[in-house]
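Participant: structure for this input, please:
(one chain, ligands or ions: 2)
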Amino acid sequence: MSEHGSDGQRPRVAVVGGDGIGPEVVAEGLRVIAAADVELETEHYDLGGHRYLADGTVLPDSVLEEWRDFDAIYLGAVGAPGVPPGVIERGLLLKMRFELDLFVNRRPFKVTAPDDQGTTQSHDFVVIRENTEGTYAGEGGFLRKGTPHEIATQGSVNTRFGVERCIRYAYELAESRRNHLTLVHKTNVLTFSGDLWERSFHEVGATHPEVETAYNHVDAACIYFVQDPQRYDVIVTDNLFGDILTDLGGAVSGGIGLAASANLNPSYSGPSMFEPVHGSAPDIAGQNKANPIAAILSGALMLEFLGAPEPARRIEQACDACSDLEGSTSDLTDAVIAKL
Ligand code: IPM
Ligand code: MN
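Facilitator: Ligands and ions are numbered 1, 2, ... in the order given. Presented below is the predicted three-dimensional model:
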């Protein structure tokens with residue numbers, strides 16, 4: 001990682017543009033990274049729904065093995081019309097998250113609101129979403145499928161190990177910020193998994209006495225996201241609640257076109273993956289219409305994780321300065337680069 005890393009080499013990044021607007025926004029993200037004077041060694045992989053439709057390939061194990069030697073994966077978006085639900089989601093995205101053990105999904109948000117004097121104040125908070133368990137684990141199945149008596153179950157897998165490591169990451173993050181951590185769950189109904197989360201939350205919390213804690217049921221958290229997001233600093237929650245809450249987070253902080261995410265293996269024993277929260281938006285693909293900011297900010301999260309916090313911060317500030325602008329994909333990217 002040249003001047004930025006520990007091993008004296010440029011970071012190796014596997015680039016998966018994916019489907020729809022994915023390749024466009026990722027190309028713009030790479031353009032901004034280059035303009036911030038960070039050199040990456042990139043390798044492009046042609047994967048996604050379009051590839052599956054062309055030759056049935058989703059994510060070969062050989063590619064996954066190659067990726068283990070990379071520092072990061074930079075992904076645009078995956079999903080194409082005509083691909084049955086689950087094929088790409090489970091076969092590519094979730095396979096990456098699970099096989100590479102990317103157990104933290106870190107999604108930062110910035111909201112703005114006028115204060116008492118009418119001056120615009122901005123507030124940032126971050127959702128730490130558990131990324132390898134819960135209802136995403138794939139536990140469940142059908143009985144008597146297709147008959148009037150069919151049964152479908154979809155369980156939620158919560159291991160002590162998985163819950164605890166995610167919560168521990170969230171406490172450490174809170175400690176590096178404003179020392180405030182909120183657990184979001186639904187302990188009043190999900191009395192088994194909620195109990196495990198709550199106990200883990202308090203037990204790990206005992207080793208972080210300086211972090212003030214709070215708890216919200218997920219439905220209440222939805223109201224607070226809209227009406228009072230200022231109450232949050234770091235939020236930790238399970239996989240499905242985190243999925244839903246972070247779309248809402250995007251919606252209340254300038255739109256999903258700005259929402260970035262990092263799928264992290266915090267031990268650095270393999271590559272982490274960086275992607276915008278938004279999807280492939282096939283309806284506007286190829287028209288230079290997609291907002292590239294979420295992908296650019298995901299690139300900044302990648303640089304930060306790769307040990308280049310200074311260019312990451314410059315990119316973030318440039319994006320902040322451009323977040324209200326309108327224009328084409330390339331215009332917005334040019335505007336960000338001009339602010340670097
Ligand atoms: C996300 C996406 C994915 C998820 C889908 C595409 C499987 O919505 O990254 O938030 O549910 O995690
Ligand atoms: Mn989602």
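
Participant: use CA for all of it now, contacts and neighbours both
Facilitator: Noted.

Participant: for the stretch 1-150 of the chain, which residues are neighbours of ligand 1?
Facilitator: residue 89 (C-alpha under 6 Å from any ligand atom).

Participant: residue farthest from the centroid of the chain?
Facilitator: Relative to the mean C-alpha coordinate of the chain, counting by C-alpha atoms, centre = their mean, the farthest residue is residue 148 (39.3 Å).

Participant: what's the pLDDT at that one?
Facilitator: Residue 148 carries a pLDDT score of 98 in this model.

Participant: on the three-state scheme, whatever residue of the stretch 151-300 of the chain ends up closest to ligand 1 is what?
Facilitator: In the stretch 151-300 of the chain, the residue that lies nearest ligand 1 is residue 243 (4.9 Å; C-alpha to the nearest ligand atom). With DSSP: H, G, I helix; E, B strand; the rest coil as the basis, the three-state label of residue 243 is helix.

Participant: okay, now it: neighbour count?
Facilitator: Neighbourhood size, residue 243 [other C-alpha atoms under 10 Å]: 19.

Participant: same check on the one 5 residues further on?
Facilitator: Residue crowding around residue 248 was assessed by other C-alpha under 10 Å; the count is 16.

Participant: tell me who's in contact with it.
Facilitator: The neighbours of residue 248, taking C-alpha atoms under 8 Å, 6 or more residues apart in numbering as the test, are 222, 225.

Participant: what do you get for residue 201?
Facilitator: 164, 167, 183.

Participant: most neighbours among these, please name it.
Facilitator: Neighbour counts for these peak at residue 167, which has 28 neighbours (criterion: other C-alpha under 10 Å).

Participant: double-check that that one belongs to a helix.
Facilitator: Yes: assessed by three-state DSSP, residue 167 belongs to a helix.

Participant: surely it meets residue 236?
Facilitator: Yes: the pair residue 167 / residue 236 is scored as a contact, 6.6 Å apart, by C-alpha atoms under 8 Å.

Participant: the residue lying closest to the residue of the stretch 151-300 of the chain closest to ligand 1 once chain neighbours are set aside bridge partners, please.
Facilitator: Nearest residue to residue 243, sequence neighbours excluded (C-alpha to C-alpha, 6 or more residues apart in numbering): residue 129, at 7.4 Å. Beta-bridge partners for residue 129, by DSSP bridges, are residue 105, residue 237.

Participant: gap between residue 129 and residue 115?
Facilitator: 30 Å (C-alpha to C-alpha, to the nearest Å).

Participant: so those two - more neighbours on which side?
Facilitator: Applying other C-alpha under 10 Å to residue 129 and residue 115 shows that residue 129 carries more neighbours, namely 27 against 10.

Participant: who touches residue 198 in this structure?
Facilitator: 183, 187.

Participant: surely it is in a strand?
Facilitator: No: Residue 198 is assigned helix when assessed by three-state DSSP, not a strand.

Participant: what ranges do the helices span in the stretch 151-300 of the chain?
Facilitator: 160-176, 193-206, 218-227, 239-252, 293-305 (DSSP state H, counting those that start in this stretch).

Participant: please identify the most buried of these.
Facilitator: helix 293-305 (a mean of 27; mean count of other C-alpha atoms under 10 Å).
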